[in-house]
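# Fold the following for me, if possible:
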Amino acid sequence: MLHRLHLLGFSAFERSTLASCVRLAATRFPGYVEVANIADADFLVADAEAPQALAAVLACERLADTVFVGRHAPEGAAAWMPRPLDALLLLRELDAIVALRATTLAPAAVATAWPPGVISTWPPETAAVAQVLPAPGEQALIVDDSEVASCYLARRLRRLGLPSVGARTSGEALERLARQRFEFVFVDVELGEHSELDGLALCRQLRRQPAPGAREAVLVLVSAHHGEVDRVRGALAGADAYLGKPLDDGELTRLVSRPPRAAAPAARH
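Purely as a prediction, here's the structure:
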């Protein structure tokens with residue numbers, strides 16, 4: 001399983017060093033890969049001395065997912081390490097965070113262990129807390145033109161043991177679904193002017209001509225408009241569920257833990 005990292009701040013030299021380290025780490029366990037968007041990242045690595053980096057972390061409420069590098073770190077950060085930058089130490093910090101979080105995942109999210117022998121290759125301090133590690137499995141796609149809204153939903157899904165990636169437009173969503181399988185697809189009804197399709201139209205297309213990654217997916221429409229008429233429109237578009245904004249944590253938890261896989265067939269007359 002590859003954990004996605006997003007780098008914030010840093011000089012060109014430090015960023016190059018970190019990027020090289022991350023590329024090499026893609027072949028190890030746990031593995032890491034750099035991503036371009038905060039919303040797509042499982043963890044952030046931020047320059048603690050760059051005000052804009054701290055502002056971005058706070059704006060997305062991702063302190064608990066961030067490793068800070070520098071003189072200090074704000075309270076609530078996942079980890080901190082001083083300069084000079086030590087890429088190997090960074091990987092050890094990330095390994096420890098991954099292992100600690102694995103022990104707190106809901107039982108339903110921990111299906112199987114990682115490949116035999118993997119934990120024995122880890123540093124002792126990491127292996128000590130890695131009783132069971134999540135195997136590659138379920139993943140969600142979040143289709144929303146708002147990065148803030150996408151981050152908000154991604155963070156809540158992550159707490160439920162469900163990693164996610166984001167798509168800003170209907171076209172980007174279809175491209176992702178053509179090459180990757182998803183367990184859930186969360187689609188905002190209003191996708192903005194840069195999308196060819198709005199959320200309802202995208203949902204209808206995925207039901208009529210499902211992309212490979214959407215054939216078994218639970219389609220969930222998300223909207224600030226969630227009256228009875230809106231929910232009926234969503235059902236007619238082929239959605240399995242409809243979530244209102246602001247998100248209700250209890251409703252989201254029930255949906256993720258017991259997805260509406262097979263609705264009762266409509267009565268025939």
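
# Was I right to think V35 contacts A41?
Yes - using Cβ atoms under 8 Å, V35 is in contact with A41, at 5.3 Å. Heads up, the C-betas are built off the backbone N, CA and C, glycines and all.

# For the two, indicate the residue with more neighbours.
Set V35 next to A41 and count neighbours by other Cβ atoms under 10 Å: A41 wins out with 26 against 17.

# Let me see the contact set for that one.
For A41, the contacting residues are 4-6, 35, 65, by Cβ atoms under 8 Å, 6 or more residues apart in numbering.

# Please tell me how far it sits from G161.
A41 sits 17 Å away from G161, going by Cβ to Cβ, to the nearest Å.

# residues contacting S20?
By Cβ under 8 Å, 6+ apart, the residues touching S20 are A87.

# how about the strand or helix carrying it: buried residues?
Element membership of S20, judged by DSSP states H and E, is helix 12-25. For helix 12-25, burial by neighbour count (16 or more other Cβ atoms under 10 Å) applies to 14-15, 17-18, 21-22, 25.

# and which of the residues you listed is nearest to V143?
Set against V143, the nearest of these by Cβ to Cβ is V22 (26.3 Å).

# and the closest one, what does it touch?
Contact analysis of V22 by Cβ under 8 Å, 6+ apart lists 5, 32-34.

# Report the mean confidence score over stretch 239-252.
Taken as a whole, stretch 239-252 has an average pLDDT of 86.

# buried residues in that stretch?
Buried-residue list, stretch 239-252, by 16+ other Cβ under 10 Å: 239-244, 252.

# possible to save these as TSV with distance to G70 and secondary structure?
Listed next are those as TSV, based on distance: Cβ to Cβ, whole Å; DSSP: H, G, I helix; E, B strand; the rest coil:
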residue	distance to G70	secondary structure
A239	45	coil
D240	45	coil
A241	43	strand
Y242	44	strand
L243	38	strand
G244	40	strand
L252	35	helix
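
# Mind checking which of the contacts of V22 are in strands?
In strands, judged by DSSP state E, the following of the contacts of V22 are found: 5, 32-34.

# Throw these into JSON lines and include distance to G227, pLDDT and neighbour count, thanks.
Formatted as JSON lines, these follow (distance: Cβ to Cβ, whole Å; pLDDT from 0 to 100; neighbours: other Cβ atoms under 10 Å):
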{"residue": "L5", "distance to G227": "40", "pLDDT": "92", "neighbour count": "23"}
{"residue": "Y32", "distance to G227": "43", "pLDDT": "90", "neighbour count": "23"}
{"residue": "V33", "distance to G227": "41", "pLDDT": "90", "neighbour count": "14"}
{"residue": "E34", "distance to G227": "42", "pLDDT": "91", "neighbour count": "18"}
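
# shouldn't D95 be in contact with G31?
No - using Cβ under 8 Å, D95 makes no contact with G31, being 10.5 Å away.

# Of those two, give the one with the bigger neighbour count.
The residue with more neighbours, out of D95 and G31, is D95; 23 against 13, by other Cβ under 10 Å.
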